[in-house]
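Student: predicted model, plus sequence, below.
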Amino acid sequence: MDSVPIRQTQTQTQVLVNSFVRSVYNWMAIGLALTGFVAYYVSNSQTMQNIIFGNPMVFYGLIIGELVMVFYLSARVNKMQASTATALFVLYAALNGATLSAVFLAYTKSSITSTFFVCAGTFVAASIYGWTTKKDLTSFGSFLFMGLIGIIIASVVNLFLKSSGMTMIISYIGVLLFTGLTVYDTQRLKNMALTQPAGLEAGVVRKGAILGALSLYLDFINLFLMLLRIMRSEEHTS
């Protein structure tokens, strides 16, 4: 007799987990779609290109604004309304699309398309592994964070060195790093979904989903950019 309530509880927990994870990936997909749309629009609008890239202050202002939004959303999400968190995520995805429009100007459409599918396949494989693995990846968090800081510092230094060799080293390490972060973030989101208490307010769940979507969105975008550099280099050397 006791097994019936237990099965019901397990079923309810699974429903909550599936709903949360579906919300995370839906918002991530919305963010990626918006970024792609804005990037394509700006790359085909001479007026928007002149506004964004014609004045370095505007371009770097957008970059700084994006960074501020990411850090603010990550740090203050628990203290803001769910609608505010959602609006910030959508706005960030749109601004990121405006700055990433340079990708459509620097690379061919065939390179972008092929890289996107390679990135999507890698991302899905990493997500599946992160969801199904029994190994606790918590200890890898600090290691991956240090790797991320190292990539950022190396990229800033290379802005002045302009070394193609260092660019490729950063790109290969970046692919490994962001694949690892995808695995780590997926398991973290799974644990978050499994441990969220029943009856949690919808707004709190939405904010958790937005924060999770932002993490996976950043993993995907950065993995895509790293792969794009590698694939273009291989095209030039072949």
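Tutor: Sure thing, it's come through.
Student: so which elements touch the lowest-mean-pLDDT helix or strand in the chain?
Tutor: Ranked by mean pLDDT, DSSP states H and E, the weakest helix or strand in the chain is helix 3-43, scoring a mean of 84. On a contact count with 3 or more C-beta pairs under 8 Å, 6 or more residues apart in numbering; DSSP states H and E, helix 3-43 meets helix 46-53, helix 82-106, helix 164-195, helix 202-237. Quick note: C-beta positions are derived from backbone N, CA and C, even for glycine.
Student: let's see 10 Å
Tutor: Packing partners of helix 3-43 (3 or more C-beta pairs under 10 Å, 6 or more residues apart in numbering; DSSP states H and E): helix 46-53, helix 82-106, helix 109-132, helix 164-195, helix 202-237.
Student: any low-confidence regions in the chain?
Tutor: For the chain, the stretches with pLDDT under 70 are 1-13, 198-199, 234-238.
Student: how about 80 then?
Tutor: For the chain, residues meeting the criterion pLDDT under 80 lie at 1-16, 196-200, 233-238.
Student: what is the burial count for R76?
Tutor: Using other C-beta atoms under 10 Å, R76 has 12 neighbouring residues.
Student: can you check the one 3 residues further on too?
Tutor: Here the number of neighbours of K79 (other C-beta under 10 Å) works out to 9.
Student: any idea how far V70 is from it?
Tutor: K79 is 16 Å from V70, where distance means C-beta to C-beta, to the nearest Å.
Student: next one: L177
Tutor: In terms of C-beta to C-beta, L177 sits 17 Å off from V70.
Student: so which of these two has more stuff around it?
Tutor: Per other C-beta under 10 Å, whichever of L177 and V70 has more neighbours is L177, with 21 against 17.
Student: hmm, the more buried one is touching S155, no?
Tutor: No. Between L177 and S155 there is no contact under C-beta atoms under 10 Å: 11.8 Å.
Student: any common contacting residues for the two?
Tutor: Counting by C-beta atoms under 10 Å, 6 or more residues apart in numbering, the residues touching both L177 and S155 are I170.
Student: can you pull the buried residues of stretch 131-151?
Tutor: Neighbour counts over stretch 131-151 (16 or more other C-beta atoms under 10 Å) mark 137, 140, 144, 147-148, 151 as buried.
Student: distance from it to the middle of the chain?
Tutor: Mean-position distance between stretch 131-151 and its chain equals 15 Å (C-alpha atoms, centre = their mean, to the nearest Å).
Student: CA-only coordinates of it, as PDB, when you get a sec.
Tutor: C-alpha atoms of stretch 131-151 as PDB (Å, rounded to 0.1, in the frame of the first residue of the first chain):
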ATOM      1  CA  TRP A 131      22.500  14.700 -17.600                       C
ATOM      2  CA  THR A 132      23.200  11.000 -17.600                       C
ATOM      3  CA  THR A 133      26.600  10.700 -15.900                       C
ATOM      4  CA  LYS A 134      26.700   9.400 -12.400                       C
ATOM      5  CA  LYS A 135      29.900  11.200 -11.600                       C
ATOM      6  CA  ASP A 136      29.700  14.200  -9.400                       C
ATOM      7  CA  LEU A 137      31.200  17.100 -11.400                       C
ATOM      8  CA  THR A 138      30.900  19.700  -8.600                       C
ATOM      9  CA  SER A 139      34.700  19.700  -8.000                       C
ATOM     10  CA  PHE A 140      35.300  20.600 -11.700                       C
ATOM     11  CA  GLY A 141      33.500  23.900 -11.300                       C
ATOM     12  CA  SER A 142      36.500  25.900  -9.800                       C
ATOM     13  CA  PHE A 143      38.800  24.300 -12.400                       C
ATOM     14  CA  LEU A 144      36.600  25.300 -15.300                       C
ATOM     15  CA  PHE A 145      36.200  28.800 -13.900                       C
ATOM     16  CA  MET A 146      39.900  29.200 -13.700                       C
ATOM     17  CA  GLY A 147      40.200  28.000 -17.300                       C
ATOM     18  CA  LEU A 148      37.600  30.600 -18.300                       C
ATOM     19  CA  ILE A 149      39.500  33.400 -16.600                       C
ATOM     20  CA  GLY A 150      42.700  32.200 -18.400                       C
ATOM     21  CA  ILE A 151      40.900  32.200 -21.700                       C
END
